[in-house]
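Participant: Okay, predicted coordinates and the sequence, questions at the end:
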Amino acid sequence: MRIALLLVAGTRLAAQGPAGGFGSVARSGAVFDGYYFGSGFAFHHVTEWTVPVTLSQRLGSRITVDLASAYAQASGATTSGTLEASGFTDTDVRLSWAAVSGHLVLTMVGTLPTGKGTVSDSTVPLLSALATDLLAFTTPTFGAGGGVTGGFATAFKLGERWAGGAGASYRYHATYAPVAGSGELEPGGEGRVRLGLEGPVGGGGYFRGAVVYSASGADTLGGGSRSVSGDRVLVYTSLNLPAGRSSLSVYAYNMRRFRARAYNSTNQNAIQVPRGNVLALGVRLERPLSPTLDFAPNLEFRHELAGPSTGSLELLGWLARPGVDVRYRASGAVALLFQGQVALGRLAQNGGSVSLVGPRAVVLLEWSR
């Protein structure tokens with residue numbers, strides 16, 4: 001979930017196992033996402049508040065248990081009234097075991113159905129807006145019935161200074177009823193394969209790159225109608241460079257969703273999820289202002305295309321999101337993160353486009369011992 005990505009920092013491929021010893025980390029706070037649209041669009045505005053909670057517990061040098069959940073409240077104003085949704089999200093409980101320290105990690109994730117899996121049909125337009133990749137709301141869904149994911153990740157040396165990594169996972173989705181009165185949805189399973197590379201480059205820089213391939217089976221609604229989604233490929237790269245007392249990071253990722261494959265003869269009349277492409281480019285400058293205060297201005301550009309199974313892709317929208325992060329270490333155990341951003345862009349609308357303005361504000365508290 002995007003909540004976990006917001007709260008938990010990524011680790012290098014070479015550090016595949018939990019840190020040694022026992023320790024706990026807890027994070028929580030408040031996140032506001034809002035988008036205000038120009039005249040003629042289906043929504044005047046869509047806003048969302050999220051209160052995320054993550055807990056991480058190291059149990060020795062090989063085992064780590066993580067928990068991630070949240071409470072969210074969203075609303076969207078239309079010409080015919082206001083749509084609202086609120087409640088807890090599903091809860092992820094993750095167990096990581098460093099089977100071979102520094103080389104092989106096995107993971108198991110249980111997604112508990114604590115969220116609102118069933119909603120009224122009147123809130124579907126609001127939930128569709130929250131799930132838009134371009135807008136990247138912190139909580140794109142309130143609940144999806146739960147499930148189980150199992151996987152592994154491994155790392156290995158490439159020469160003296162570089163490292164490679166590989167991983168794979170499979171997710172089973174439990175059956176649930178997404179819309180009241182529509183029958184039960186049986187989501188197809190999803191498999192993922194990841195390959196990564198990282199290492200130092202000239203001048204004190206550091207490069208990371210990864211390719212993720214994922215494929216899912218057909219979804220079945222009410223034991224009858226089916227929908228299929230194409231395979232997806234995500235490519236991610238980042239480069240960190242020293243800049244005096246500061247550190248400059250540039251990154252890019254591109255997610256491509258291909259035309260849905262005919263899994264078997266029973267899917268010939270299935271609804272096909274449109275093809276799509278999401279591109280993001282970003283830059284971030286981290287500068288320490290004092291031993292306890294870090295300041296990081298940043299800028300991201302996002303661009304999304306979509307289209308039917310044949311023909312060219314069309315622009316859904318674009319946005320540029322400048323912002324600033326401030327991290328304050330109040331003590332050895334407590335840290336505060338403040339983040340402010342504003343998105344400026346346009347969305348496609350009936351052959352034309354409408355403007356959007358999207359403020360985002362984040363306040364997070366981290367406690368560790």
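Facilitator: Received, thanks.

Participant: Helices of the stretch 1-150 of the chain, start to end?
Facilitator: In the stretch 1-150 of the chain, the helices defined using DSSP state H, counting those that start in this stretch lie at 2-7, 124-130.

Participant: any idea how far Asp33 is from Thr139?
Facilitator: Asp33 sits 8 Å away from Thr139, going by Cβ to Cβ, to the nearest Å. For glycine as for every other residue, the C-beta is placed from the backbone atoms N, C-alpha and C.

Participant: Which neighbours do these two have in common?
Facilitator: Glu48, Thr50 (Cβ atoms under 8 Å, 6 or more residues apart in numbering).

Participant: where's the residue nearest to Gly60 when sequence neighbours are not counted relative to Leu95, distance?
Facilitator: Closest residue in space to Gly60, ignoring its immediate chain neighbours: Phe22 at 6.7 Å, by Cβ to Cβ, 6 or more residues apart in numbering. Separation of Phe22 from Leu95 (Cβ to Cβ) stands at 16 Å.

Participant: Mind checking which of these two has more residues around it?
Facilitator: Legend: neighbour count by other Cβ atoms under 10 Å for Phe22 and Leu95, higher for Leu95 (14 against 11).

Participant: Could you report the neighbour count for Gly203?
Facilitator: If we define neighbours as other Cβ under 10 Å, then Gly203 has 7 of them.

Participant: That one - that's part of a strand, no?
Facilitator: No - counting by DSSP: H, G, I helix; E, B strand; the rest coil, Gly203 is not part of a strand but helix.

Participant: quick one: contacts for it?
Facilitator: Leu241, Pro242.

Participant: ranking the helices of the stretch 1-150 of the chain by mean pLDDT, which is last?
Facilitator: Among those, helix 2-7 carries the lowest mean pLDDT, a mean of 45.

Participant: Below-threshold pLDDT in this structure: ranges please.
Facilitator: Under the criterion pLDDT under 70, the flagged ranges of the chain are 1-21, 223-224, 262-269.

Participant: Recalculate using a threshold of 80.
Facilitator: 1-21, 102, 182, 222-226, 261-271, 309-310 (pLDDT under 80).

Participant: pretty sure Arg171 is touching Ala144, no?
Facilitator: No - with contacts defined as Cβ atoms under 8 Å, Arg171 does not count as touching Ala144, sitting 10.7 Å away.

Participant: Now do the residue lying closest to Ala72 once chain neighbours are set aside: how many residues are near it, please.
Facilitator: Leaving out its chain neighbours, the residue that sits closest to Ala72 by Cβ to Cβ, 6+ apart is Thr139, at 4.0 Å. Thr139 is flanked by 25 other residues according to other Cβ under 10 Å.

Participant: how much space between Thr139 and Phe32?
Facilitator: 11 Å.

Participant: in the stretch 201-350 of the chain, which spans are strands?
Facilitator: 205-216, 219-221, 225-228, 232-243, 246-257, 271-272, 275-290, 293-307, 314-329, 334-349 (DSSP state E, counting those that start in this stretch).

Participant: can I get those in CSV with distance to Arg62 and mean neighbour count?
Facilitator: Output for these, formatted as CSV (distance: least, Cβ to Cβ, whole Å; neighbours: other Cβ atoms under 10 Å):
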stretch, distance to Arg62, mean neighbour count
strand 205-216, 24, 17
strand 219-221, 37, 19
strand 225-228, 40, 17
strand 232-243, 28, 16
strand 246-257, 31, 17
strand 271-272, 44, 15
strand 275-290, 31, 16
strand 293-307, 31, 17
strand 314-329, 28, 17
strand 334-349, 26, 17
